[in-house]
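Colleague: Give me a 3D structure for the following:
(chains A and B, ligands or ions: 2)
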Amino acid sequence: MDTIDKSAAGPHAATTAPSWWTRTCRALMRRETALSIGVLVVFLAAWEWGPALFDIPAYIIPPVSEVFAEFFRMITVDRLFYHVGYTAAEVIVGFALGTLLGMLIGYILGMSPTAEFVLSPYILALQIAPKVAFAPLFVMWFGFTVYPKILVAVLIVFFPIMVNVLGAIRTLDHDLVNLARSFNASRLQLFWKVEFHAAMPPLFAGLRIGSTLAVIGVVVGEMVGGNTGLGYLLVFGSGSANTAMVFVSIILLTLIGILAYVAVVWTERRVLHYIPARGAATGGI
Amino acid sequence: MSEPRLEFRDVTKRFPNRNRSAGEAESYVTAVKDVTLSVADGEVVSLIGPSGCGKSTLLNMGSGLDLPSSGDVYVDGERVERPNEHVAFMLQKDLLLPWRSIRENVEFGLEIKQVAPADRRERALELLDKCHLSGFADHYPHQLSGGMRQRAAMARTLAVDPSVLLMDEPFSALDAQTKMVLQQDLGETVSATGKTVLFITHDLIEAVALSDRVLVMSQRPGTIIEEFTVDLPDRSDPMKRRSHPGVAQYVPKLMSLLHIGEAAA
Ligand SMILES: Nc1ncnc2c1ncn2[C@@H]1O[C@H](COP(=O)(O)OP(=O)(O)O)[C@@H](O)[C@H]1O
Ligand SMILES: [Mg+2]
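Modeller: Numbers count the residues shown, from 1 in each chain, chains lettered A, B, ... in the order given. Ligands and ions are numbered 1, 2, ... in the order given. Next up is the predicted model:
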């Protein structure tokens, strides 16, 4: 009977040869990857020759070759990479601070129902307020520095993180808490050994959202004031009727967002390695 | 008899009534009322009763997680006021932490007690071996079957070396075969280590197979309405005891005490 029990979990399942199913999935993925690349090629071709075909002037939609040329021009003339680095740094700092703050407040409110009760109406109000609307205010306060940009990012990243962490602690199985208590765990031990880890999966769901929001926060901050960053180039390009420059800025901002998101997913895979079939459930991203 | 390991003296527990608006006039619910019981050193006592009669509440008070509204709980003659290291509990849910490997889960209690890493590792591996999980130390809970997870929970409970085990329907979520295997393990382990056990179950045969004594509780407010000694050999070998003809005499008795026949009629 012992053997029945042991075979149920099958520790050797992982070492067996790929099943018919996984092999089919892989083949499918290769075909889908090829299709994906095909879509990109068609899209680029349409972008290159489509506007001319429909008599759309280059100042509305510049062809892709022109955008590329502008990209290289900006590298040499406009110190493009300096601006990219600036924006990326603000995104990283804003994202990191927003995350830390969201976790901190989330854990504190999660552990203290009184604090949550007292503060929840104000937090809700702040959550409803459109965070990007604070950008001009922050520029008035801090001038054309990095601070208003980072601050908008912090504010915007904070909420999804805090809400998810708070929710995780609120819904923690009470028996789990009792288990720790039965071993005479201190409040701090309960936090570090149970609550902190239990909040990780929802935290990462929040981080995925936060990573894209951080870019929005920083760009809005840059668009409102200052003379650095991709948000500034965006506004500058728009003001000087340089549509290609606007396109370059948008594409690079998107790339920064993608990198931030991928970094979160990469970390998530490592931290939440104990959750079964995570990759499959999220479609690989 | 020597001094009891675990003792409840006139224990009553009331909870604030959450459903007061639903027509109940009382502002509190009496979950258990005037319960007096004692479990001797090395004795295994089963507690059975209808659901909601306060069995779990009783166990929570035994482990010091909850305090009686009146009356006292004693472990080794000492009044229980908070969780203490002599008592450990195990529930129907395995409560394994998904982010910890099986070995780390078994070490959980030892880690809280700040046992040195090398020592607790050694102890965990030793217990996993005893619980037939030696090859699974580095697996994660989701990779194990229900029975194996419950074994790991058992190892975690034993790791802190409690003298009293409080078990709340620990095997009720398992399939019949796995359940018998785990009962056998428990029977053997408890006899070998001389642990004192208070065991809640809904399974009448399980109660008879595992224990020295069976206590029957009434509907809420729960009190102990009947108590009898299981006068059968082989407590350390539940498998063998199950097939003893004497089991047949206890089951109908328990059924009538629990009004099972009337409910079915
Ligand atoms: N924390 C609590 N607050 C209010 N009522 C409770 C609480 N815990 C248990 N009860 C009530 O006490 C009674 C006994 O519960 P419990 O001990 O869980 O029963 P059992 O384990 O025998 O099924 C139930 O009616 C339950 O609703
Ligand atoms: Mg119960």
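
Colleague: how many other residues sit next to whatever residue of the stretch 151-285 of chain A ends up closest to ligand 1?
Modeller: Taking C-beta to the nearest ligand atom, ligand 1 has its nearest neighbour within the stretch 151-285 of chain A at A:His174, 9.0 Å off. (Glycine included, C-beta is placed from N, CA and C.) Neighbour count of A:His174, defined by other C-beta atoms under 10 Å in any protein chain shown: 8.

Colleague: Just the pLDDT at it, thanks.
Modeller: Looking at A:His174, its pLDDT is 93.

Colleague: need the contact list for the residue of the stretch 101-250 of chain A found nearest chain B.
Modeller: Per C-beta to the nearest C-beta, A:Phe183 is where the stretch 101-250 of chain A lies closest to chain B, at 4.2 Å. Shown in contact with A:Phe183 (C-beta atoms under 8 Å, 6 or more residues apart in numbering or on different chains): B:Pro83, B:Ala88, B:Phe108, B:Gly109, B:Ile112, B:Lys113, B:Val160.

Colleague: B:Leu133 touches B:Ala153, doesn't it?
Modeller: No - counting by C-beta atoms under 8 Å, B:Leu133 does not reach B:Ala153; the two are 10.8 Å apart.

Colleague: Quick check: the residue most central in space within chain B vs chain A, distance?
Modeller: The centroid of chain B falls nearest to B:Met167 when counting by C-alpha atoms, centre = their mean (1.3 Å). According to C-beta to the nearest C-beta, to the nearest Å, B:Met167 and chain A sit 13 Å apart.

Colleague: Distance of that residue relative to B:Glu122?
Modeller: 26 Å (C-beta to C-beta, to the nearest Å).

Colleague: quick one: contacts of stretch A:141-158?
Modeller: Outside stretch A:141-158, the residues that reach it (C-beta under 8 Å, 6+ apart) are A:86, A:89-91, A:93-95, A:97-99, A:101-102, A:105, A:131-132, A:134-135, A:138-139, A:210, A:213-214, A:216-218, A:220-222, A:224-227, A:229, A:231.

Colleague: Now go through those residues and say which are in helices.
Modeller: Taking DSSP state H as the definition of helices, the contacts of stretch A:141-158 contribute A:86, A:89-91, A:93-95, A:97-99, A:101-102, A:105, A:135, A:138-139, A:210, A:213-214, A:216-218, A:220-222, A:224, A:231.

Colleague: and ligand 1, which of those reach it?
Modeller: Among those, no residue lies close to ligand 1 (C-beta under 6 Å from any ligand atom).

Colleague: Buried only: go through these for me.
Modeller: A:86, A:90-91, A:93-95, A:97-99, A:101-102, A:105, A:135, A:138-139, A:210, A:213-214, A:216-218, A:220-222, A:224, A:231 (16 or more other C-beta atoms under 10 Å in any protein chain shown).

Colleague: what does stretch A:107-115 contact?
Modeller: Looking at what lies outside stretch A:107-115 - C-beta under 8 Å, 6+ apart - the contacts are A:116, A:119-120, A:162, A:165-166, A:168-170, A:191, A:195-196, A:199.

Colleague: Kindly write the ChimeraX command that selects the buried subset of those residues.
Modeller: Of those, the buried ones can be selected in ChimeraX as follows, counting by 16+ other C-beta under 10 Å:
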select /A:116,162,165,166,168,169,191,195,196,199
